[in-house]
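Asks: Attaching a predicted model along with its sequence, questions to come.
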Amino acid sequence: MAQSGAGVEKTAKKKISGKKMAVYAGLAVVAFVMWWGFQPLKGPPAFGLCRVFLEQRVSYPHELTVTQVEIREPLIRLYYTEVNPFGNHTRGILDCVFRADPQLGLVIGEARFNGTSVSETDLNRFNLSIPAIQANPPSLILPLPFSDGLEGLKDPKK
């Protein structure tokens, strides 16, 4: 048997020119900036602790939504809405004032639900659970800020 002489040919590898490399680098930078720009805003760990405190203090919520957050160290203020199992909508404000603790790090020193102070024993009980919360960190994603227009107030279900 005779071979046709068509053996394995080595093809020359094409080099990428400097212009193409600059275009690829520019596209990569634009893609990274777009990816970074679409990431949700995240709050500090104190926001997560205050949010967990809120979730533990509201009794049997059917739906609990944090609508707005104000962060002024050491105060974090959460505005929230709650829908109970009966369908009643309630709005509220939770103020968490944090302080440093030598053993636990950051703890809630004072908390107020709609202006009413939470007892010291309830705060101490919650502060003892902070290591477990830090071992399983809560979501730190902040709610979107309110718009200046009235479009966001329309009920999408209607």
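Replies: Nice, thanks for sending it over. Residues are numbered from 1 along each chain as shown.

Asks: Give the buried residues for the helix or strand containing residue 71.
Replies: Here residue 71, judged by DSSP states H and E, is contained in strand 63-72. For strand 63-72, the neighbour count (16 or more other Cβ atoms under 10 Å) marks 64, 66, 69 as buried. In this view, the C-beta of every residue, glycine as well, is placed from N, C-alpha and C.

Asks: cool, and stretch 98-118?
Replies: Quick answer for stretch 98-118 (16+ other Cβ under 10 Å): 98, 106-108, 111, 118.

Asks: Let me know the closest of the residues you listed to residue 84.
Replies: Here the nearest of the buried residues of stretch 98-118 to residue 84, counting by Cβ to Cβ, is residue 118; it sits at 20.1 Å.

Asks: quick one, phi/psi of the nearest residue to that closest one once chain neighbours are set aside?
Replies: Distances taken as Cβ to Cβ, 6 or more residues apart in numbering place residue 111 nearest to residue 118, at 4.2 Å, with adjacent residues excluded. Here is the backbone geometry of residue 111 (degrees, to the nearest 10): phi -140, psi 140.

Asks: Go through this structure and flag its longest helix.
Replies: Using DSSP state H to define each element, the chain has its longest helix at helix 18-37.

Asks: Just give the nearest non-adjacent residue to the spatially most central residue of the chain, would you?
Replies: Closest residue to the average C-alpha location of the chain: residue 141 at 1.1 Å, with Cα atoms, centre = their mean. Nearest residue to residue 141, sequence neighbours excluded (Cβ to Cβ, 6+ apart): residue 40, at 4.6 Å.
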